[in-house]
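Q: structure for this input, please:
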Amino acid sequence: MHHNTWLCSIILVCVALLLLETSSVQAATETVTLKNGKTYEVKVDDDDGMPVAAKSRQVKMEILGVLSLGSATSDTPQWVWLWKAKLRKKGNFTVTVTTPIDETISTSFETTGPGDITQQFFDSETYTTIWTWLDDSGTSWIPFVFSFEDTQSDKRFEITQWLRFDESEKAGFKLAATQIPQASSGQTFTKTETVDPPFDDRDWEIGHTAVQGDQMVLEYILSGETVENWSELITVQTF
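A: Numbers count the residues shown, from 1 in each chain. Predicted coordinates for the structure are as follows:
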């Protein structure tokens with residue numbers, strides 16, 4: 001598995017987030033059939049089978065993942081999708097998000113390029129059909145289509161991104177929504193240093209680090225707080 005592929009469990013107060021592979025990978029193709037019977041050919045990493053990050057001349061995917069809006073002690077968290085991309089094209093755009101999982105729903109927002117896009121969409125309370133995969137057995141495949149329309153020229157382009165979650169990842173998301181993920185046993189460090197993770201513009205620090213083999217766990221806290229007494233905590237696991 002590539003070390004620059006990130007699986008993050010972020011608590012805000014609790015977030016489970018998947019950061020997409022952004023470097024060059026050897027791509028293969030996997031045939032995926034959704035629950036509605038529609039079949040697609042999905043480009044995946046030839047090494048670990050994960051969907052590759054979509055990119056074009058106009059836009060590049062950076063983050064697409066699952067954000068839990070529940071507290072660290074909540075038994076019934078609410079979920080929302082979190083998307084971050086780099087828009088390369090200049091102009092003002094209306095972005096519409098759809099999914100083949102449920103073609104009756106969509107959501108739109110405005111953005112300006114070139115620049116970064118950060119957007120939440122399809123929360124689990126309103127868009128329940130998008131979240132049934134969390135309770136499905138086996139591996140779940142989730143596609144999203146991001147369509148851009150230039151508000152001045154009406155020209156359009158779109159990009160499709162797939163996500164894949166196995167049963168252990170789905171269980172990990174649910175666990176992260178109800179408790180602070182515990183670091184694996186092994187070498188531990190307690191050094192606190194100032195960092196600049198791509199979460200928001202506040203001051204975050206590494207409160208705890210643990211290493212076990214090829215895996216590393218980093219716990220981010222807000223400046224002035226501790227891992228024993230925090231208001232918001234971000235736990236990042238790298239593989």
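Q: after the longest strand anywhere in the chain comes which helix or strand?
A: Of all the segments of type strand in the chain, defined by DSSP state E, the longest one is strand 79-98. Next helix or strand after strand 79-98 toward the C-terminus (DSSP states H and E): strand 107-121.
Q: which residues touch that following strand?
A: 59, 67, 80-97, 122, 151 (CB atoms under 8 Å, 6 or more residues apart in numbering). Where C-beta positions appear, they are placed from N, C-alpha and C, glycine not excepted.
Q: and the buried ones among these, selectable in PyMOL?
A: Those of the contacts of strand 107-121 that count as buried under 16 or more other CB atoms under 10 Å are selected in PyMOL with:
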select buried, resi 59+67+80+81+82+83+84+85+87+91+93+95+96+97+122
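Q: where's Lys43 relative to Ala28, distance?
A: 7 Å (CB to CB, to the nearest Å).
Q: so these two - more neighbours on which side?
A: Lys43 (16 against 13; other CB atoms under 10 Å).
Q: check the burial of Ser56 by counting its neighbours.
A: Using other CB under 10 Å: Ser56 sits among 12 other residues.
Q: what's around the closest residue to it other than its chain neighbours, how many residues?
A: Nearest non-adjacent residue to Ser56, counting by CB to CB, 6 or more residues apart in numbering: Ile159, 5.7 Å away. By other CB under 10 Å, 18 other residues sit near Ile159.
Q: for whatever helix or strand Ile159 lives in, packing partners?
A: Assigned by DSSP H and E, Ile159 falls within strand 156-165. When contacts are defined as 3 or more CB pairs under 8 Å, 6 or more residues apart in numbering; DSSP states H and E, strand 156-165 sits against strand 59-68, strand 140-150.
Q: give the rounded mean pLDDT of that strand.
A: Average pLDDT, strand 156-165: 93.
Q: continuing past it, what's the next helix or strand?
A: Next along from strand 156-165, by DSSP H and E: helix 167-176.
Q: the inter-axis angle of that next one versus strand 140-150?
A: 80 degrees (axes from the mean of the first three to the mean of the last three CA atoms, to 10 degrees).
Q: in helix 167-176, which residues are buried?
A: Neighbour-count burial for helix 167-176 [16+ other CB under 10 Å]: Glu169, Lys170, Gly172, Phe173, Ala176.
Q: can you check stretch 115-129 too?
A: By neighbour count on 16+ other CB under 10 Å, the buried set for stretch 115-129 is Ile117, Phe121, Phe122, Asp123, Ser124, Tyr127.
Q: need the max-distance pair from these.
A: Ile117 and Ser124 (21.6 Å; CB to CB).
Q: for Gln119, see how far away Ile234 is.
A: For Ile234 relative to Gln119 (CB to CB), the value is 19 Å.
Q: and Asp45, by the same measure?
A: Distance from Asp45 to Gln119, by CB to CB: 25 Å.
Q: quick one: contacts for Gly207?
A: Gly207 touches Thr192, Glu219, Tyr220, Ile221, Glu225, Thr226, Val227, Trp230, Leu233, counting by CB under 8 Å, 6+ apart.
Q: can I assume the residue nearest to Ser56 is in contact with Phe146?
A: Yes: counting by CB atoms under 8 Å, Ile159 does reach Phe146; the two are 5.2 Å apart.
Q: quick one on the thing from earlier: which residues are in contact with the residue nearest to Ser56?
A: Ala54, Lys55, Ser56, Gln58, Val59, Met61, Ala85, Val145, Phe146.
Q: kindly report the same for Leu163.
A: Leu18, Pro51, Leu64, Gly65, Trp141, Ile142, Pro143, Phe144.
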